[in-house]
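1. Generate coordinates for the sequence data below:
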Amino acid sequence: MADAPQQAARVARAARATTLWAALLLAPVFLLLLLIVFLPELWALGISFTNYRQGQPPRFIGTANFEHFLTDPHFWNAVWVNIRFVVGAVALQMAIGLGIALFLASRSFRARYLWVALVLAPMAVSPSVSSVIWRYLLDFNIGPINYLIGMMGFQRVQWLTGINIALLSVIMVEVWLAIPQVVLFLYPARITFPQELYDAAEVDGASAWQKFRYVTFPLLLPAFFLAMVFRLIITIRAFGVVWLLTLGGPLRQTELLAIYMFKEGFENWRFGSAAAVAWAMLLFTMLFSSALIYRMYRNAFVPREGHAS
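-> Residues are numbered from 1 along each chain as shown. As a prediction, this is how the structure comes out:
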């Protein structure tokens, strides 16, 4: 019993050493985040309250930049386009990604690992390169897709320049680029489920839909929510793919918030206004993602009353 205080002291010293070592290992990551994320965001917040333009000293103007974009009809057009883009793209990404993940995880599926590699292959290509390739494929005059449509006797489609179809085209390209990421979240989670659960459900006479609804999806819900949160955050702030495909046109039909912000800063040279839009986007993304993460935690990770083990 006399050694108990000494043992406790050794345990405490070991715990402090472990904590210190962990802090030292994580310090470079936090320093990098401080330098490339936190400090630039603070600088952007500062100039959002100024009339900062290139080559001119910034002058404090209060909330005028926020008032400017809140009364700009082009901003609200970008908000509406962004909402349609996010809802359409994320819904299709999650639905198709879920279907592919479940199909690849099927016990009777042959050459599964080869097809998994093929599904994930687009992740090896830069989004910029993929966007340029898709812009060529969908080109009205020389695109192979329109060439095949013409060979079949149909009229060519203005995939990227038609007012009514341009947004749908960029949504489909965004979905194609994002599906591998969704599969990467869902497929590893699905293959960890014990087969005994499905055997028991089959003995009870459950149909394929009932096994999905009452066995697969409830177990897959944490990974599904996590994938959806990541895809929502990324899609809300999308820029590069749409910019390379359409430059926000035609007639602002594909002008997302990030493209509106870019034009404010690098076409209209209103850097203060662009910084204000950037902070509005950041706050909206933080609030929206925080609500989703809280919901994910409550619904997927915390046992409900009466079901806790």
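2. From now on I want contacts and neighbour counts done on CA atoms only, so please keep to that.
-> Noted.
3. Please spell out which residues along the helix or strand hosting residue 228 are buried.
-> According to DSSP states H and E, residue 228 maps onto helix 217-236. By neighbour count with 16 or more other Cα atoms under 10 Å, helix 217-236 contains the buried residues 219-229, 231-233, 235-236.
4. Now flag whichever of the residues you listed is closest to residue 136.
-> residue 235 (22.7 Å; Cα to Cα).
5. Excluding residues flanking it in the chain, which one is nearest that closest one?
-> For residue 235, ignoring the flanking residues on the chain, the nearest one in space by Cα to Cα, 6 or more residues apart in numbering is residue 86 at 5.8 Å.
6. Which elements pack onto the host helix or strand of the one you found?
-> Using DSSP H and E, residue 86 falls within helix 73-104. If you count contacts as 3 or more Cα pairs under 8 Å, 6 or more residues apart in numbering; DSSP states H and E, helix 73-104 packs onto helix 112-120, helix 166-190, helix 217-236, helix 257-266.
7. and the second one, what does it pack onto?
-> This points to helix 166-190. So helix 166-190, by 3+ Cα pairs under 8 Å, 6+ apart, packs with helix 73-104, helix 112-120, helix 127-137, helix 217-236, helix 240-246.
8. Quick check: which of the ones you listed has the most neighbours on average?
-> helix 240-246 (a mean of 21; mean count of other Cα atoms under 10 Å).
9. can you tell me the average pLDDT over that helix?
-> Averaged over helix 240-246, pLDDT sits at 94.
10. Contacts for it, please.
-> Identification of contacts with helix 240-246 by Cα atoms under 8 Å, 6 or more residues apart in numbering yields 127-128, 131-132, 134-135, 160-161, 166, 170, 174, 248, 254, 259.
11. so how far is that helix off the chain centroid?
-> Helix 240-246 sits 16 Å away from the centroid of its parent chain (Cα atoms, centre = their mean, to the nearest Å).
12. Return that helix as CSV; C-alpha atoms alone will do.
-> Presented in CSV, the C-alpha positions along helix 240-246 are these (Å, rounded to 0.1, in the frame of the first residue of the first chain):
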residue,chain,number,x,y,z
GLY,A,240,-13.4,25.5,-60.1
VAL,A,241,-15.4,22.9,-62.0
VAL,A,242,-18.3,25.3,-62.9
TRP,A,243,-15.9,28.2,-63.7
LEU,A,244,-13.9,26.0,-66.1
LEU,A,245,-17.1,24.7,-67.8
THR,A,246,-19.2,27.8,-68.2
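13. which helices and strands does the helix holding residue 228 pack with?
-> So helix 217-236, by 3+ Cα pairs under 8 Å, 6+ apart, packs with helix 73-104, helix 166-190, helix 271-296.
14. and residue 158, that's in a helix?
-> No - using DSSP: H, G, I helix; E, B strand; the rest coil, the secondary structure at residue 158 is coil, not a helix.
15. Extract the residue ranges of the stretch 1-150 of the chain that are flagged as low pLDDT.
-> 1-3, 107-109 (pLDDT under 70).
16. ok, back up a step: got the helices and strands packed on helix 217-236 as a markdown table, with distance to residue 146 columns?
-> Below are those laid out as a markdown table (distance: least, Cα to Cα, whole Å):
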| stretch | distance to residue 146 |
| --- | --- |
| helix 73-104 | 23 |
| helix 166-190 | 13 |
| helix 271-296 | 36 |
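17. Out of those, flag the one nearest residue 213.
-> helix 73-104 (12.6 Å).
18. angle of the closest one against helix 166-190?
-> For helix 73-104 against helix 166-190, the angle by axes from the mean of the first three to the mean of the last three Cα atoms, to 10 degrees is 40 degrees.
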